[in-house]
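1. Below are the sequence and a predicted model; questions follow.
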Protein chains: 2
Amino acid sequence: MLIQSKATEPTGAAHDRVYRALRARIMHGEIDPGQALTLRGIGKEFGVSMTPAREAGRRLVAEGALFLSSSGRVSTPELSNERIEELAALRALLEPELAARALPRAHMALIERLEEINNRVSGMIARQDASGYIRLNLEFHRTLYLRAQAPAMLAMAETIWLQLGPTMSKLYGRLRRTEPPRNHKLILAALKAGDEGSLKLAVRSDATQGLRMLKV
Amino acid sequence: MLIQSKATEPTGAAHDRVYRALRARIMHGEIDPGQALTLRGIGKEFGVSMTPAREAGRRLVAEGALFLSSSGRVSTPELSNERIEELAALRALLEPELAARALPRAHMALIERLEEINNRVSGMIARQDASGYIRLNLEFHRTLYLRAQAPAMLAMAETIWLQLGPTMSKLYGRLRRTEPPRNHKLILAALKAGDEGSLKLAVRSDATQGLRMLKV
DNA sequence: TTGGTAATTTTGTGATCACAAAACACCCAT
DNA sequence: ATGGGTGTTTTGTGATCACAAAATTACCAA
């Protein structure tokens, strides 16, 4: 007689799958700020019990991707102006450094990949796909920073993106953009020229520009 | 008839108490790098079941304070040279900014508190108390950075301290120091003079100096 | 209609269990 | 002694449950 149905996943723990899915959703701005989540709801959606749902939630809370209310409920954070400025300052601090470290290793193949990503942004703009726009934008940055060979620094940058995710979607929903970010072009130019100074400047501008419009 | 003994904690969830205790222990270098922990062991020590122990562990893994092996076991991380240098670079990036932001708000009362903390370091050195030394050192920095009014930035700095904790204790156990860090005196002097440039420089030196000796 | 209170439902927490896999210990054959 | 294989123990995982507290709804009186 079967007492307990065996539901252990063979590869990659269940909580990890849930974690990754939620993380991507948050980072790409697919959840509005202040949106509440329930453990049972998460579990139901992913076909797991509350336990893995709780672990995934806790992990995201630890990364600042979710806000934990005093009663234990989790929701997407609603960032204050001060918090947004602080996170933008962190981007402005970390990302130029990552870019500078990537510069000596950025060969033509990488630059071409970046240009290709950058071109795909136009499609997202045409389709008014805010989430897709954010995803490609982050892919552009991550692709460059991966070359920096600085995993801890990159992880920290991603944590900041994660915290900004829900708020970001609001921004891109608001502004009606018609062309890919100007700063990306500057970044590509600096990479081609091998000019560290203007690269750091362009990255810094790119990291802070959009956030300025986020002020409520 | 009592089916299940009620053991819910009235204030502050159990997992949070476990998390805080472990976090402090790790950050202060009370656990050697590579030390393995078991969920049942943690639970037993704190008088809770595996569930809160697991949550606390997961949270610490998310912060980089613990390493999660492929089999799910957690242990204190053993940092490679590259990782140490990267974390030191992050300190060198973040902490001068925090200090600079604290500077305009650093009045005499704060500077006196910092001097008092700095003086207590000598006692720890005399007693060869590595953990106490680390704790006071971090208290010095945190006390200053709290004035920066930048919680996200401070949290990020603390995360780095946390990751360096176990490795740090090894360092301070190795070197036989006889006096409080020279850079702390420079920091205090720069604060009194209101000189942002030399303050950032002194903080940067303090953040990177010790780590240089950590190379295996 | 409105305000508040009671009943009900929703939700997170921590304990416990069955299970699988990993780690470990033991033992014998070479 | 040593290597390999076998059995035992340790350990993490996810499901489930009872419970408390929070949130929501229902309802009634003014």
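-> Alright, I've got the coordinates.
2. For the helix or strand where residue A:166 lies, give the mean pLDDT please.
-> Secondary structure assignment for residue A:166, by DSSP states H and E: helix A:151-174. Predicted confidence along helix A:151-174 averages 91 (mean pLDDT).
3. Does chain B have contacts with the helix or strand where residue A:84 lies?
-> Secondary-structure element containing residue A:84, defined by DSSP H and E: helix A:81-102. Yes. When contact is scored as C-beta under 8 Å from any C-beta of the partner chain, part of helix A:81-102 falls within range of chain B: A:83, A:86-87, A:89-90, A:93-94, A:97. Backbone N, C-alpha and C define where each C-beta goes, glycine included.
4. Got the domain ranges for chain A?
-> For chain A, the domain assignment from automatic domain parsing gives the residue ranges A:14-75, A:81-212.
5. Lowest average pLDDT across those domains?
-> In terms of mean pLDDT, the lowest-scoring of the domains of chain A is domain A:81-212 (a mean of 91).
6. Between the two ends of that domain, how far is it?
-> Taking C-alpha to C-alpha, to the nearest Å, the first and last residues of domain A:81-212 lie 10 Å apart.
7. and what of stretch A:117-133?
-> For stretch A:117-133, the first and last residues are 11 Å from each other (C-alpha to C-alpha).
8. Going by neighbour count, which residues in that stretch are buried?
-> By 16 or more other C-beta atoms under 10 Å in any protein chain shown, the buried positions in stretch A:117-133 come out as A:117-118, A:120-121, A:124-125, A:130-133.
9. What of stretch A:50-62?
-> Neighbour counts using 16+ other C-beta under 10 Å place A:52-62 of stretch A:50-62 among the buried residues.
10. Can you tell me the SS state at the residue in chain A positioned nearest to DNA strand C?
-> For chain A, the residue closest to DNA strand C is residue A:72, as judged by C-beta to the nearest atom of the strand, at 2.4 Å. In three-state terms, and counting by DSSP: H, G, I helix; E, B strand; the rest coil, residue A:72 is coil.
11. Pretty sure it sits against residue B:13.
-> Yes. Residue A:72 is within contact range of residue B:13, at 7.4 Å (criterion: C-beta atoms under 8 Å).
12. what about the helix holding residue A:166, near chain B?
-> Yes. Helix A:151-174 reaches chain B (C-beta under 8 Å from any C-beta) through A:151-153, A:155-156, A:159, A:163.
13. If any of those residues are buried, give me the PyMOL selection for them.
-> Only the buried members of the residues of helix A:151-174 next to chain B enter the following PyMOL selection, criterion being 16+ other C-beta under 10 Å:
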select buried, chain A and resi 152+153+156+159+163
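14. which one of the residues of helix A:151-174 next to chain B is nearest chain B?
-> residue A:152 (4.6 Å; C-beta to the nearest C-beta).
15. How are the strands of chain A distributed by residue range?
-> Remark: strands assigned in chain A by DSSP state E are A:36-37, A:67-68, A:74-75.
16. okay, those strands in CSV with mean neighbour count and distance to residue B:192 next?
-> Listed next are the strands of chain A as CSV, based on neighbours: other C-beta atoms under 10 Å in any protein chain shown; distance: least, C-beta to C-beta, whole Å:
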stretch, mean neighbour count, distance to residue B:192
strand A:36-37, 16, 49
strand A:67-68, 17, 39
strand A:74-75, 20, 45
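17. who wins for proximity to residue B:30 among those strands?
-> Between residue B:30 and these, the shortest separation by C-beta to C-beta is 26.8 Å, and it involves strand A:67-68.
18. strands paired with the closest one, and their directions?
-> When pairing is defined by DSSP bridges, strand A:67-68 lines up against strand A:74-75 (antiparallel).
19. So is the strand it pairs with next to DNA strand C?
-> Yes. Contact between strand A:74-75 and DNA strand C, assessed by C-beta under 7 Å from any atom of the strand, occurs at residue A:74.
20. Verify the contact between residue A:59 and residue B:58 for me.
-> Yes. Look at residue A:59 against residue B:58 with C-beta under 8 Å: they come within range, at 5.7 Å.
21. Pick out the residue in chain A sitting closest to chain B.
-> residue A:62 (3.8 Å).
22. ok, now which ones touch that residue?
-> B:58-59, B:62-63 (C-beta atoms under 8 Å, 6 or more residues apart in numbering or on different chains).
23. go with 7 Å
-> Taking C-beta atoms under 7 Å, 6 or more residues apart in numbering or on different chains as the contact definition, residue A:62 lies against B:59, B:62-63.
24. The closest residue to residue A:90 other than its chain neighbours - how many residues pack around it?
-> In space, and not counting its chain neighbours, residue A:90 is closest to residue A:160: 5.3 Å by C-beta to C-beta, 6 or more residues apart in numbering or on different chains. The local packing count at residue A:160 equals 23, with neighbours defined by other C-beta atoms under 10 Å in any protein chain shown.
25. do the same with residue A:191
-> With other C-beta under 10 Å as criterion, residue A:191 counts 24.
26. Name the nearest of the contacts of residue A:62 relative to residue B:198.
-> Top of the list for closeness to residue B:198, among those and by C-beta to C-beta, is residue B:63 at 32.4 Å.
27. from what I can see residue A:191 touches residue A:106, true?
-> Yes. With contact defined as C-beta atoms under 7 Å, residue A:191 and residue A:106 form a contacting pair (5.3 Å).
28. so residue A:78 touches residue A:32, yeah?
-> No. With contact defined as C-beta under 7 Å, residue A:78 does not count as touching residue A:32 (9.3 Å).
29. what touches both of the two?
-> Common contacts of residue A:78 and residue A:32 (C-beta under 7 Å, 6+ apart): none found.
30. how about the contacts of residue A:62 in a markdown table, adding distance to DNA strand D?
-> Supplementary listing: the contacts of residue A:62 in a markdown table, determined by distance: C-beta to the nearest atom of the strand, whole Å:
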| residue | distance to DNA strand D |
| --- | --- |
| B:59 | 13 |
| B:62 | 13 |
| B:63 | 16 |
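31. can you list those residues in TSV and add distance to residue A:139?
-> Written out in TSV, the entries for the contacts of residue A:62 read as follows (distance: C-beta to C-beta, whole Å):
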residue	distance to residue A:139
B:59	28
B:62	23
B:63	25
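32. wait, which of these is closest to residue B:37?
-> Of all the contacts of residue A:62, the one with the least separation from residue B:37 (C-beta to C-beta) is residue B:59, at 13.2 Å.
33. can you give me the helices for chain A?
-> All helices of chain A, identified by DSSP state H, fall at A:14-27, A:39-46, A:50-62, A:81-102, A:108-126, A:130-146, A:151-174, A:182-193, A:196-212.
34. Make JSON lines out of those helices and add distance to residue B:144.
-> As requested, these are arranged in JSON lines below (distance: least, C-beta to C-beta, whole Å):
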{"stretch": "helix A:14-27", "distance to residue B:144": "32"}
{"stretch": "helix A:39-46", "distance to residue B:144": "39"}
{"stretch": "helix A:50-62", "distance to residue B:144": "25"}
{"stretch": "helix A:81-102", "distance to residue B:144": "17"}
{"stretch": "helix A:108-126", "distance to residue B:144": "39"}
{"stretch": "helix A:130-146", "distance to residue B:144": "30"}
{"stretch": "helix A:151-174", "distance to residue B:144": "21"}
{"stretch": "helix A:182-193", "distance to residue B:144": "34"}
{"stretch": "helix A:196-212", "distance to residue B:144": "25"}
